[in-house]
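Chemist: This is the structure alone, sequence omitted:
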């Protein structure tokens, strides 16, 4: 209960709907759960998950609607802040002058920060997840336009959510088991690395 109360208090700092659930409400919302040991939970109905590719495309479409120009396959080679506070960004296609510079480079973020003399403590850590086969119950719910809520277990340090008509489980490993990509921290990710996956190591879990 301590973890639930701590999360409840933390969420109250923001304007986000949330409420406590008893066992019966949890079982009704997520009929696939094994309720052994579950006393209650915290529900944030505005929370959820999204497909990162589709979300990125939506951001791109919206940016173009408001006049933005998107340059794909244009790596940043260097950044410099000018005396007037504006920035110069060097690319293979030339130098771009801008009033604002936003570092949204994901796992390249540390290297982009270093170009501006910022040492950002961004550490790439391997994350593994499992995706189940299709589950008949979820197939029926999807036909009705329904989906089971995403579950986060703070004590067990994992999440589980619906993935199409199956379930996706993503555990967060403890410090003694997690794998850090040390060479990326020092040298940055390999050029061109994007959608590739690391070799799985299920025995580690």
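Modeler: Sure, I can see it. For clarity, every value in this text was computed on a predicted model and none was experimentally measured.
Chemist: all helices for the chain, in order.
Modeler: 2-11, 23-29, 52-65, 109-115, 136-143, 182-187 (DSSP state H).
Chemist: right, and those - which one's nearest residue 173?
Modeler: helix 182-187 (15.9 Å; C-beta to C-beta). C-beta coordinates here come from the backbone N, C-alpha and C atoms, glycine included.
Chemist: Name the residues that touch that closest one?
Modeler: 107, 110, 122-124 (C-beta atoms under 8 Å, 6 or more residues apart in numbering).
Chemist: Which positions in that helix come out as buried?
Modeler: The neighbour-count check on helix 182-187 (16 or more other C-beta atoms under 10 Å) flags residue 184 as buried.
Chemist: Out of the helices of the chain, which one sits most buried?
Modeler: Counting by mean count of other C-beta atoms under 10 Å, helix 109-115 has the highest mean neighbour count of those, with a mean of 18.
Chemist: Pull the distance from that helix to the chain's centre.
Modeler: 20 Å (C-alpha atoms, centre = their mean, to the nearest Å).
Chemist: And for stretch 198-205?
Modeler: Worked out by C-alpha atoms, centre = their mean, stretch 198-205 lies 20 Å from the chain centre.
Chemist: on that earlier part again, can you tell me which of the contacts of helix 182-187 is nearest residue 116?
Modeler: residue 110 (11.3 Å).
Chemist: Identify the spatial nearest neighbour of that closest one, chain neighbours not counted.
Modeler: Nearest non-adjacent residue to residue 110, counting by C-beta to C-beta, 6 or more residues apart in numbering: residue 122, 4.3 Å away.
Chemist: What distance do you get for the residue of the chain most remote from its centre to residue 117?
Modeler: Distance from the centre of the chain peaks at residue 83, with 35.9 Å (C-alpha atoms, centre = their mean). Distance, residue 83 to residue 117, using C-beta to C-beta, to the nearest Å: 16 Å.
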